[in-house]
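Enquirer: Output the structure for:
(one chain, ligands or ions: 1)
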Amino acid sequence: MGKIIAGKVSDIPPGKMIKISLDGKDIMVANIDGNFCAMDDSCTHSGASLSEGSLEGCVVTCGWHKAEFDCKTGKLVKFPAKINDLGTYNVTVESDDVFLEM
Ligand code: FES
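Expert: From the prediction side, this is the model:
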């Protein structure tokens, strides 16, 4: 698929997350102190939108039942049950544009 524009750097200030939809797939893009990362937006527990949860450092906490994922690796950090990790995407920044590599 190649490189897809996710938004402007100014759309995603540090500590914030946005959700974008590409070909029916929802992906969250986060700005962690000026470094961007992206992973699947749908929580592998029950499908909540992770971009509607909270972000602390690189850990995203699901707003529904509090599963925690590392948005740099997509790996589950904390949850009482075993649930799947999430897919991640490379993010690059060129000028004021944020791109995902798909
Ligand atoms: S839907 Fe995310 S923890 Fe339940």
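Enquirer: What strand or helix carries the spatially most central residue of the chain?
Expert: Ranked by distance to the mean C-alpha position of the chain (C-alpha atoms, centre = their mean), the top residue is residue 28 at 3.3 Å. Residue 28 is part of strand 25-32 when elements are defined by DSSP states H and E.
Enquirer: Just the endpoints, please. Distance across stretch 59-73?
Expert: In stretch 59-73, first residue to last residue: 10 Å (C-alpha to C-alpha, to the nearest Å).
Enquirer: whoops, stretch 67-83 was the one
Expert: 9 Å.
Enquirer: what about that stretch and the ligand, touching?
Expert: Yes. Legend: contact between stretch 67-83 and the ligand by C-beta under 6 Å from any ligand atom is shown at residue 67. To be clear about C-beta, it is placed using only N, CA and C from the backbone, and glycine gets the same treatment.
Enquirer: Determine how far that stretch lies from the middle of the whole chain.
Expert: Stretch 67-83 sits 12 Å away from the centroid of its parent chain (C-alpha atoms, centre = their mean, to the nearest Å).
Enquirer: and that stretch, average pLDDT?
Expert: Averaged over stretch 67-83, pLDDT sits at 98.
Enquirer: ditto for stretch 7-26
Expert: Averaged across stretch 7-26, the pLDDT comes to 95.
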